[in-house]
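Colleague: Structure for the following, please:
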Amino acid sequence: MASPQRVPRSRADTPALHARAMDNLSFIRQTMERATAFTAVPGWGGVGMGAIAFAATVLAWDASPDDWLATWLGASVAALGVGGWAMVRKARQGGTPVLSHSGRRFVLSYVPPVLVGALLTVVLVRAGLHSSLPGTWLLLYGTGVVTGGAFSVRVVPLMGICFMLLGTAALFGPAAWGNVFMAGGFGLLHVVFGLIIARRYGG
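Modeller: A predicted model of the protein is given here:
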């Protein structure tokens, strides 16, 4: 009885196997990336944003409506710069690109409510409704944090919910408390949750 002979593998099969293996590795990498939460939300960056808000609270105290608005708009630009820089830095330290799949979903979910807030700011200022700005800003910022936080660690959407609750209180609370609500939200909440994130999720 003749023993079965081994059929030699053709050289053409080797590149095909290699290509299939690379495709499988790429698929596995993409699947893991999509399943990974965006962990580059900066804790210490949040603390820095809160410190900026506390400084703005002091500067805007007893200011005219226009000066109040200019102070908080300047503080928001500075805070976003600090937060963005801290996010990029944390992502690099963790070896994760900011615009990974989860990072892109975080940004695309976070940005629209913030842009809506910017548009409503123009409308409210034109109408002379400066007293409605704290509630509007807190509510829409919180909405962005909740929607973006759906792709991040659990504490992030919780922070967003706290912003939304405070924003609701600011909308229906006394107009004279606007600066206090701003300090409580953009100041205190950023610091408290920033420290939690820094402690639990590495900076």
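Colleague: how many neighbours does Arg92 have?
Modeller: The local packing of Arg92 (other Cβ atoms under 10 Å) involves 12 other residues. Every C-beta, even on glycine, is put in place using the N, C-alpha and C of the backbone.
Colleague: To clarify, my last question referred to Val146.
Modeller: So Val146, with other Cβ under 10 Å, has 21 neighbours.
Colleague: what helix or strand is Phe54 on?
Modeller: helix 43-60 (DSSP states H and E).
Colleague: can you pull the buried residues of that helix?
Modeller: Neighbour-count burial for helix 43-60 flags 43-54, 56-57, 60 (criterion: 16 or more other Cβ atoms under 10 Å).
Colleague: Name the single longest helix found in the chain.
Modeller: helix 65-93 (DSSP state H).
Colleague: Beyond that one, next helix or strand please.
Modeller: Next element after helix 65-93 (DSSP H and E): helix 101-126.
Colleague: and that following helix, how far from the chain's centre?
Modeller: On the basis of Cα atoms, centre = their mean, to the nearest Å, helix 101-126 sits 11 Å off its chain's mean C-alpha point.
Colleague: Please point out which parts of it sit buried.
Modeller: 101-103, 105-106, 109-110, 113-114, 117, 120-121, 124.
Colleague: mean confidence for that helix?
Modeller: Averaging pLDDT along helix 101-126 gives 87.
Colleague: what packs against that helix?
Modeller: helix 13-35, helix 133-149 (3 or more Cβ pairs under 8 Å, 6 or more residues apart in numbering; DSSP states H and E).
Colleague: Could you check the angle that helix makes with helix 65-93?
Modeller: 180 degrees (axes from the mean of the first three to the mean of the last three Cα atoms, to 10 degrees).
Colleague: Quick one: work out the angle between helix 101-126 and helix 133-149.
Modeller: Going by the same axes, to 10 degrees, helix 101-126 makes 170 degrees with helix 133-149.
Colleague: Identify the residues contacting the residue nearest to Val156 when sequence neighbours are not counted.
Modeller: Closest residue in space to Val156, ignoring its immediate chain neighbours: Gly149 at 3.3 Å, by Cβ to Cβ, 6 or more residues apart in numbering. Residues counted as contacts of Gly149 (Cβ atoms under 8 Å, 6 or more residues apart in numbering) are 41, 106, 156-160.
Colleague: Now, of these, which are buried?
Modeller: By 16+ other Cβ under 10 Å, the contacts of Gly149 give 41, 106, 156-157, 159-160 as buried.
Colleague: picking up where we left off before, in the longest helix of the chain, what's buried?
Modeller: In helix 65-93, counting by 16+ other Cβ under 10 Å, buried: 68-69, 71-72, 75-76, 78-79, 82-83, 86-87, 89-91.
Colleague: Can you read off the pLDDT for Ser131?
Modeller: pLDDT, read off for Ser131, is 93.
Colleague: Distance of the residue nearest to it when sequence neighbours are not counted relative to Gly74?
Modeller: Leaving aside its chain neighbours, Ser131 sits nearest to Ala175 (3.7 Å; criterion: Cβ to Cβ, 6+ apart). Distance of Ala175 to Gly74, computed by Cβ to Cβ, to the nearest Å: 22 Å.
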